[in-house]
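Asks: with the input below, show me the fold.
(chains A, B, C and D)
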There are 2 protein chains.
Amino acid sequence: MKWNELAQEPCSIARSVAVIGDRWTLLILRDCFLGIRRFEAFQARLGISRTIVADRLKLLVEEGVLRRAPYQDSPARHEYRLTEKGLDLHPVVMAIVHWGDRHYSGEAGPPLLHRHKACGHDFHPVQACSACGEAVEARAVETRAGPGAVSPSAAG
Amino acid sequence: MKWNELAQEPCSIARSVAVIGDRWTLLILRDCFLGIRRFEAFQARLGISRTIVADRLKLLVEEGVLRRAPYQDSPARHEYRLTEKGLDLHPVVMAIVHWGDRHYSGEAGPPLLHRHKACGHDFHPVQACSACGEAVEARAVETRAGPGAVSPSAAG
DNA sequence: CCCATAAGTTTATTTTCTGGACTGACCATG
DNA sequence: CATGGTCAGTCCAGAAAATAAACTTATGGG
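Replies: Down below sits the predicted model:
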């Protein structure tokens, strides 16, 4: 399988990974959620080649994750902002952060804290069930083919 | 920045991405959660080169995400199983699945359904606050430096 | 002996990434 | 009105990584 065939797979992970499953893309998204919006800022923070920054931003815009919006004329300048589809990635980013906090923080503790404005407390994300609202752990989940499956044995 | 420097960054996303932020790694993890355990099975399902499968499995074992366990002698054969640290990735995988379900399912609907055994219903993951238990959306989160931060402006 | 299975390794090719220079539009300074 | 600075890129050649295909090792079966 080639990376460009991924998006055609009958699997939501494969389709998502085709868009965001790249080291630099995930770090760009991290920065987006931290409020970074400009090309130069992404490039400076990541310290990677401008080519890659340009490529990744282009892909994210094509996929509707980011929106390229003008913030001044003469000279025309644009910034990159998360769309609603991009904001939907927040649970993905938070889940990754939480896993890193748990397993790679060391004695110093987590590099960042997250406060839930609604309740005022620092929190970490908990995976909850949309049906009953309770926390869901890996072993409590049963997977089966859904309406979009191609065959009973197809990947999911 | 080089990819091997990522793990040293004072950022839980960077550290996590250094381990799992790779297309094939994420797909291997998907298969792990679907119960796949053997080298040949990973390779056959993904349709990618054996070299990549071997590399990724090796890294995941080194990082303690998977455990290489013998399942027979003569000839010695091993299978790859999720460790507790690996199971902790479930929310990450589910969050990615859910994003894909939402934005790439098309008319056919999601390829896979997930049932919460505890309540018996099909569900999708909801990001909840560990402090108050309510659902958390992107705009309700405020981020600030934590104890493991290197400087107030450091990446998170 | 020949074939098959499992789990890799080796080799050679293809693709991607990198760093640096370059472009072009504009602004501020002296 | 030349000089330098900012921003948002593009272009290019060399270096690094990813990949497919063939090969290896160990074993069991007919």
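
Asks: hey, let's count contacts and neighbours off CA atoms from now on
Replies: Will do.

Asks: list the buried ones in the one helix or strand A:E40 maps to?
Replies: Here A:E40, judged by DSSP states H and E, is contained in helix A:39-46. Under the neighbour-count criterion of 16 or more other Cα atoms under 10 Å in any protein chain shown, helix A:39-46 has A:F39, A:F42, A:Q43, A:L46 buried.

Asks: and what of stretch A:71-82?
Replies: A:H78, A:E79, A:Y80, A:R81, A:L82.

Asks: and what of stretch A:128-139?
Replies: Neighbour count says stretch A:128-139 has A:A128, A:C129, A:S130, A:A131, A:G133, A:E134, A:A135, A:V136, A:E137 buried, by 16+ other Cα under 10 Å.

Asks: related to what we said a few turns ago, and which of the buried residues of stretch A:71-82 is nearest chain B?
Replies: Chain B has its nearest neighbour among the buried residues of stretch A:71-82 in A:L82, at 10.8 Å by Cα to the nearest Cα.

Asks: next, that closest one: phi, psi?
Replies: phi -70, psi 130 (degrees, to the nearest 10).

Asks: cool, A:V136 as well?
Replies: The phi/psi pair for A:V136 (degrees, to the nearest 10) reads phi -120, psi 130.

Asks: scan chain A for its longest helix.
Replies: Counting by DSSP state H, the longest helix found in chain A is helix A:90-104.

Asks: counting by contacts, list what it packs against.
Replies: helix A:23-33, strand A:125-129, helix B:12-20, helix B:90-104 (3 or more Cα pairs under 8 Å, 6 or more residues apart in numbering or on different chains; DSSP states H and E).

Asks: which elements pack onto the first one?
Replies: Read that as helix A:23-33. Using 3+ Cα pairs under 8 Å, 6+ apart, helix A:23-33 sits against helix A:39-46, helix A:50-62, strand A:77-82, helix A:90-104, helix B:12-20.

Asks: coming back round to it: in the longest helix of chain A, what counts as buried?
Replies: For helix A:90-104, by 16+ other Cα under 10 Å, it's A:90-101, A:104.

Asks: how big is the angle separating it from helix B:90-104?
Replies: 160 degrees (axes from the mean of the first three to the mean of the last three Cα atoms, to 10 degrees).

Asks: could you point out the helix or strand that follows helix A:90-104?
Replies: strand A:112-116.

Asks: for that following strand, what is the distance to the chain centroid?
Replies: 17 Å (Cα atoms, centre = their mean, to the nearest Å).

Asks: show me what it is packed against.
Replies: Short answer (3+ Cα pairs under 8 Å, 6+ apart): strand A:112-116 packs on strand B:141-145.

Asks: any part of the strand it packs on near chain A?
Replies: Yes: interface with chain A: strand B:141-145 contributes B:V141, B:E142, B:T143, B:R144, B:A145 (Cα under 8 Å from any Cα of the partner chain).

Asks: not counting sequence-adjacent ones, nearest residue to the second one?
Replies: For B:E142, ignoring the flanking residues on the chain, the nearest one in space by Cα to Cα, 6 or more residues apart in numbering or on different chains is A:R115 at 5.0 Å.

Asks: quick check, the one you found in contact with B:T143.
Replies: Yes: using Cα atoms under 8 Å, A:R115 is in contact with B:T143, at 6.3 Å.

Asks: related to what we said a few turns ago, can you lay out the helices and strands packed on helix A:23-33 as a markdown table showing distance to DNA strand D and mean pLDDT?
Replies: Output for these, formatted as a markdown table (distance: least, Cα to the nearest atom of the strand, whole Å; pLDDT from 0 to 100):
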| stretch | distance to DNA strand D | mean pLDDT |
| --- | --- | --- |
| helix A:39-46 | 4 | 94 |
| helix A:50-62 | 5 | 96 |
| strand A:77-82 | 4 | 95 |
| helix A:90-104 | 20 | 97 |
| helix B:12-20 | 11 | 95 |
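
Asks: one step back: check whether the helix holding A:E40 comes near chain B.
Replies: Yes: Helix A:39-46 lies within reach of chain B by Cα under 8 Å from any Cα, at A:R45, A:L46.

Asks: would you mind naming the residues that bridge with A:Q127?
Replies: With DSSP bridges as the criterion, A:Q127 is bridged to B:Q127.

Asks: what about it, how many neighbours?
Replies: 27 (other Cα atoms under 10 Å in any protein chain shown).

Asks: which residues does A:I20 contact?
Replies: With contact taken as Cα atoms under 8 Å, 6 or more residues apart in numbering or on different chains, A:I20 is in contact with A:L26.
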